[in-house]
Each structure stands twice: as structure tokens, then as C-alpha cells.
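1. Generate a structure from the sequence data that follows.
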Amino acid sequence: MAEKLISSKGQLQRLPLNIKGLDENLEGGVPRNNTILIAGAAGTMKSSVCFNAVYKEAERGGNVLYITLEQSYVSLLNHMINMGFDFNKVDVTIIGSDPAIIKKKVQQMKQSKKGHIILSDLGSLRATIKGKEAAANWWNIIFRIIKALKDDCNISTLAIDSLNALYVLTNFKDPRNQIFQMFTSFKELDLTTFLISEMPRDGSRLGYYEVEDFLSDGVIVINLVERNRKVTREISVAKMRATNANNDVFTLEFGKRGFEALYGGKMPLV
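-> As a prediction, the model looks like this:
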């Protein structure tokens, strides 16, 4: 579907990240149907920040798809439960790649009035893939699942965790062109897409092929910073199209009140 032209600023719909202190500096959240790169080194809570956004969308009644290629869905859910996410407020559905089973599960989902978090991991996908040729073309398999769920249950939000893991699985013969086509596909499906990218600790690049930040509509960077032998997480918005964004660096904290972005542009307390 082609992008729609808005007639006034207020018409642009936004999806909150549900990070107190950051959404307020993003005009309320990221523009819907945009592709957002969340880049950070290991241990920066990239997955948790991303999952927080899609969980809250499901809590509001939306249907979301989270594809985890680095850990099992059980490991992911255990981590999120330990962080305090309440899965009684949403429905969770696990899918593989079998179209018939996906359709059956979609019909079951439609019986519920709650929002849905649809999870798929590498094990679930492999269990339903037949043949070496199919297994070698992971991106086509994953995209087919995304499109089917968009068509059948109108998912609003997609998260892929992570791009680096997808690159390992997918045989990109022309990476830059194929990544461009991948980003274009997200736009055509009218999805708010979060792409997690593992970046080096020194921040020398935000994406493995160094084109991901250019192709993304928005880029959120999370860093680990050491001061006086104490390590803090810092979050900043490097880029956000169609948004009057505050590009200051904030301290990222997680506690009983959820995620918070603090001390933007100021010297932190540690």
C-alpha cells in the first residue's frame, strides 16, 4: 500500500515506546508504519526496550508479531515475566511457518477480545520447514509469515530480533540491494517495524552492512557507559523522520515504573 499524504501535523499517528521521558521528546512516540532501527551493544536491553513497545501495543488491543532468532520463545518469555510483564493482559500465540497451522491459529485468535503477541523463534520455524531449498531461503519464509499475518489478522507492529541473526541465516548475494527490498516490503505492508541491530561496543557502525541506519525511518541508539567503575545505559534518538525529536542523550533505567529516560542533556548522577 502506498504511503498516505497527511494534510496537517496532527494527522500523523504515533506508537508510544512507553519509555517515560523519551516519548515526551518524540511528540508522543514513533510515527506508525515507519521502520525503526534499535542499535546497541550486547547488554544494552535492546530486546527489552523493543518488547516493551510491542507488549504495550498488544495491551491496547493490537496484534503484534515478535520474531526472535537469537533465543527461544520460552527464554524470551521467562525473561519478560521476570521483568514484570503481565501476560494475563494479552494473549500469546506461538507459530511456525506452516500456512495451514497459521490459519488455524489465526481463527482461534479471532475468538479472543484481547490483543495478541504472536511469537516465532528459530526452533518453531525449523520444525515446520521441509527441504534444504526452503531452509536456505529464510528471508522469503519469514516474509511469507509476516504477510500472511498482516492479511489474516491485521498485525500492526513487527519486531525482528535481530537483523544480525537474520543475516547469518540468509544467503544475501547482493546484501545492500536485498536489504533495501526488505525495508521496502515493510513499508508496503503498512507495519510499524522494529529492527534490532547488534553494534560494536565502540559504536563504529549501527548496522552490519552500514546501510541499515540510512534506510530506516528512525534510529534509536543504546550504549553502555562506564564512569568511576559504574556502568549505566544511555539512550538517544539519532534520527526520527517526521518528528521534532530531542537528540540529547538520556540515562535509561528500568524499575517498578517501567522504562524511564532521565537527565536528558545533563550530567548524570554517577
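
2. Now do the contacts for residue 20.
-> 257, 258, 259, 260, 261 (C-beta atoms under 8 Å, 6 or more residues apart in numbering). All C-beta atoms are positioned from the backbone trio N, CA, C, and that covers glycine.

3. backbone phi and psi for it, please?
-> Dihedral pair for residue 20: phi -60, psi 130, per degrees, to the nearest 10.

4. For the host helix or strand of residue 168, buried residues please.
-> Per DSSP states H and E, residue 168 falls inside helix 163-169. The neighbour-count check on helix 163-169 (16 or more other C-beta atoms under 10 Å) flags 163, 165, 166, 167, 169 as buried.

5. and the residues you listed, which two are the farthest apart?
-> Using C-beta to C-beta, these span at most 10.8 Å, a distance reached by 163 and 169.

6. about what we covered before: out of the contacts of residue 20, who's the most crowded?
-> Of all these, residue 261 has the most neighbours under the rule other C-beta atoms under 10 Å, reaching 26 neighbours.

7. and the helix holding residue 168, what's its mean pLDDT?
-> Confidence over helix 163-169 (mean pLDDT, whole number) is 94.

8. which other residues reach that helix?
-> Taking C-beta under 8 Å, 6+ apart as the rule, helix 163-169 contacts 69-70, 122, 138-139, 142, 160, 175, 195-198, 207-209, 212.

9. repeat that with 7 Å
-> Applying C-beta atoms under 7 Å, 6 or more residues apart in numbering, the contact partners of helix 163-169 are 69, 70, 138, 139, 160, 195, 196, 197, 198, 207, 208, 212.

10. What ranges in the stretch 51-200 of the chain fall below the confidence cut-off?
-> Counting by pLDDT under 70, the ranges of the stretch 51-200 of the chain that qualify are 130-136.

11. could you show me where the strands are in it, in order?
-> 63-68, 91-94, 116-121, 157-161, 192-198 (DSSP state E, counting those that start in this stretch).

12. partners of the last one, with directions?
-> Sheet partners assigned to strand 192-198 using DSSP bridges are listed as strand 35-40 (parallel), strand 157-161 (parallel).

13. Extract the CA atoms of the first one and return them as PDB.
-> Presented in PDB, the C-alpha positions along strand 35-40 are these (Å, rounded to 0.1, in the frame of the first residue of the first chain):
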ATOM      1  CA  THR A  35      10.800   1.300  10.300                       C
ATOM      2  CA  ILE A  36      12.800   1.900  13.400                       C
ATOM      3  CA  LEU A  37      16.300   0.600  14.000                       C
ATOM      4  CA  ILE A  38      17.200  -0.100  17.600                       C
ATOM      5  CA  ALA A  39      21.000  -0.400  17.800                       C
ATOM      6  CA  GLY A  40      23.200  -1.300  20.700                       C
END
